[in-house]
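Asks: Below: sequence and its predicted model.
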2 protein chains.
Amino acid sequence: MGNLTLYSMPSSGNSYKARLLLALLGQDYVHVGMEYETSELAEAHAKGKLPLGKLPVLELADGTQIPESNAILCYLGDGTDWFPTAAVVRAHVLGWMFWEQNQHEGVIAVRAALLKYESRAHLATPERLAELLEAGHGLLGQMNDHLANQDWFVGDRPTIADISLYAYTHSAATKGGFDLDRFDAVREWIDCIAAMPGYVGLDDIPE
Amino acid sequence: MGNLTLYSMPSSGNSYKARLLLALLGQDYVHVGMEYETSELAEAHAKGKLPLGKLPVLELADGTQIPESNAILCYLGDGTDWFPTAAVVRAHVLGWMFWEQNQHEGVIAVRAALLKYESRAHLATPERLAELLEAGHGLLGQMNDHLANQDWFVGDRPTIADISLYAYTHSAATKGGFDLDRFDAVREWIDCIAAMPGYVGLDDIPE
């Protein structure tokens, strides 16, 4: 795949998706970390270096930039077993990934961010936190129901849909205050991903 | 593509994406409409007939269901010029579509829904409406900057990224109260899509 550079936010689940798949693929890359609320990130924004204004961004050897975490997973997964080519299977993989960005991330990741960042503390009202808690348990319940009958989100092996959903789910209890104990199938699935050869954790940041 | 059935919500931009691409492709299909806040929709939910709990859902001849509007666009566009196969081009198309679900839809469509539905009126506080207005103008500005240099979102012809972004953008002024007059390039792009052979509008619901 040539020389790859990943611009990523060490603490962010979206950035972690790309780091995790790169590690599972055994793909070398240069890691450039830019943390939230730092001058480095502000400067990159100001200089227009981040297409769509977000991290992660994957930069190819020729300088082409690919933004959006799930689009990066599609690019990296293409041609591997992580992104099957059969039309219906692919549509189901993408369906879960769009659901992740539209439903899951805006609740599970957002509650964690409200609890973490000073700059968002004014938005973290008891009502809002309670609303996100209830919504998040609903979403985790949907995932749990789906995983009650199968080991992976789509088909009989892990795909980029699992990587995408894992990023914010595995830390939903520790960072977001969600009760994962209620969701046995989700916890088993989390354990299976963490046991994969090449697995790296959210805090395993490349040098 | 065989016999297709689309379960769609007539008033919804997400459902409109699928209806628009099917029309542009000249693809016949059976349309089953279920409107928001109706007993038909509640019943479909209760019976578990909607995977991921949302509309639209595309049903194939063999009964296989494909949920998520943008995943339906990928499925229908696959093998056509609407979804180019070159890896980087495809990643950019998907990138805009993930952005649409993660950033755009949660602001542009949500403001329109807050203004429309009685059941959400309690959430439509002046502060929330003002916040969404400002955020939406920021997103429309990002789209306008991008379209200032090119006719379509990715490459030199329309793709499913354009269809995806068009659905809630073209009605952003009339339904969401956003000021599209500020965004010349976006308005031109809207006009180009509406001029395509086979185009159907949001209110052109199949019988």
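Replies: Good, I have the coordinates.

Asks: May I see the buried residues of stretch A:89-103?
Replies: Using 16 or more other Cβ atoms under 10 Å in any protein chain shown as the test for burial, stretch A:89-103 gives A:90-103. The way it works is simple: take the backbone N, C-alpha and C, and place the C-beta from them, glycine included.

Asks: how about the CA coordinates for stretch A:47-63, as CSV?
Replies: What follows is the C-alpha trace of stretch A:47-63 in CSV, where atoms were taken according to Å, rounded to 0.1, in the frame of the first residue of the first chain:
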residue,chain,number,x,y,z
LYS,A,47,-4.1,26.1,7.7
GLY,A,48,-6.9,24.0,6.1
LYS,A,49,-4.8,20.9,6.5
LEU,A,50,-7.7,18.7,7.6
PRO,A,51,-10.2,18.0,4.8
LEU,A,52,-13.7,18.1,6.2
GLY,A,53,-12.2,19.7,9.4
LYS,A,54,-11.8,16.4,11.2
LEU,A,55,-9.4,13.7,12.4
PRO,A,56,-8.4,11.1,11.4
VAL,A,57,-7.0,11.7,8.0
LEU,A,58,-5.1,9.1,6.0
GLU,A,59,-2.4,10.5,3.7
LEU,A,60,-1.2,8.3,0.9
ALA,A,61,2.4,8.3,-0.5
ASP,A,62,1.4,10.8,-3.3
GLY,A,63,-0.1,13.3,-0.8
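
Asks: what's that stretch in contact with?
Replies: Taking Cβ atoms under 8 Å, 6 or more residues apart in numbering or on different chains as the criterion, the residues outside stretch A:47-63 that touch it are A:2-9, A:12, A:14-15, A:17-18, A:34, A:41, A:44-45, A:65-69, A:72, A:75-76, B:88, B:95, B:99, B:142.

Asks: In strands, which of those appear?
Replies: A:Thr5, A:Leu6, A:Tyr7, A:Ser8, A:Gln65, A:Ile66, A:Pro67 (DSSP state E).

Asks: all strands for chain A, in order.
Replies: Under the criterion DSSP E, strands of chain A are mapped to A:5-8, A:30-33, A:57-59, A:65-67.

Asks: need these in a markdown table with mean pLDDT and mean neighbour count, can you?
Replies: Formatted as a markdown table, those follow (pLDDT from 0 to 100; neighbours: other Cβ atoms under 10 Å in any protein chain shown):
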| stretch | mean pLDDT | mean neighbour count |
| --- | --- | --- |
| strand A:5-8 | 96 | 22 |
| strand A:30-33 | 95 | 16 |
| strand A:57-59 | 97 | 22 |
| strand A:65-67 | 97 | 21 |
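
Asks: for chain A, longest helix please?
Replies: For chain A, the helix with the greatest residue count under DSSP state H is helix A:126-147.

Asks: Return the set of buried residues in that one.
Replies: Of the residues in helix A:126-147, those with enough neighbours to count as buried (16+ other Cβ under 10 Å) are A:129, A:132-133, A:135-137, A:139-140, A:142-144, A:146-147.

Asks: out of those, who's near chain B?
Replies: With Cβ under 8 Å from any Cβ of the partner chain as the criterion, the subset of the buried residues of helix A:126-147 in contact with chain B comprises A:Gln142.

Asks: could I get the buried residues of helix A:126-147 as JSON lines with pLDDT and distance to B:Ile163?
Replies: What follows is those, written out as JSON lines (pLDDT from 0 to 100; distance: Cβ to Cβ, whole Å):
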{"residue": "A:Leu129", "pLDDT": "96", "distance to B:Ile163": "37"}
{"residue": "A:Leu132", "pLDDT": "97", "distance to B:Ile163": "31"}
{"residue": "A:Leu133", "pLDDT": "98", "distance to B:Ile163": "35"}
{"residue": "A:Ala135", "pLDDT": "97", "distance to B:Ile163": "29"}
{"residue": "A:Gly136", "pLDDT": "98", "distance to B:Ile163": "31"}
{"residue": "A:His137", "pLDDT": "98", "distance to B:Ile163": "34"}
{"residue": "A:Leu139", "pLDDT": "98", "distance to B:Ile163": "27"}
{"residue": "A:Leu140", "pLDDT": "98", "distance to B:Ile163": "31"}
{"residue": "A:Gln142", "pLDDT": "96", "distance to B:Ile163": "27"}
{"residue": "A:Met143", "pLDDT": "98", "distance to B:Ile163": "28"}
{"residue": "A:Asn144", "pLDDT": "98", "distance to B:Ile163": "33"}
{"residue": "A:His146", "pLDDT": "97", "distance to B:Ile163": "28"}
{"residue": "A:Leu147", "pLDDT": "98", "distance to B:Ile163": "32"}
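
Asks: Flag every residue of chain A that's near chain B.
Replies: Where chain A comes near chain B, counting by Cβ under 8 Å from any Cβ, the residues are A:51-53, A:60, A:64, A:66-72, A:74-75, A:78, A:87-88, A:90-92, A:94-99, A:101-102, A:105-106, A:142.

Asks: among the residues you listed, which are in helices?
Replies: In helices, defined here by DSSP H, the members of the residues of chain A next to chain B are A:69-72, A:74-75, A:87-88, A:90-92, A:94-99, A:142.

Asks: Now A:Asp179. Its backbone dihedrals?
Replies: The phi and psi values for A:Asp179, taken as degrees, to the nearest 10, are phi -100, psi 90.

Asks: so who does it touch?
Replies: A:Asp179 sits next to A:His137, A:Ala173 when contact means Cβ under 8 Å, 6+ apart.

Asks: Try it again at 10 Å.
Replies: A:Leu133, A:Gly136, A:His137, A:Leu140, A:Ala172, A:Ala173 (Cβ atoms under 10 Å, 6 or more residues apart in numbering or on different chains).

Asks: Show me chain A divided up by domain.
Replies: Domain assignment for chain A by automatic domain parsing gives A:5-77, A:87-194.

Asks: Turn the ones you listed into TSV, columns for distance to B:Leu202.
Replies: Rendered in TSV, the data for the domains of chain A read as follows (distance: least, Cβ to Cβ, whole Å):
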stretch	distance to B:Leu202
domain A:5-77	26
domain A:87-194	20
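
Asks: quick one: which of the ones you listed is nearest B:Asp204?
Replies: When the domains of chain A are compared for distance to B:Asp204 using Cβ to Cβ, the nearest one is domain A:87-194, at 24.7 Å.
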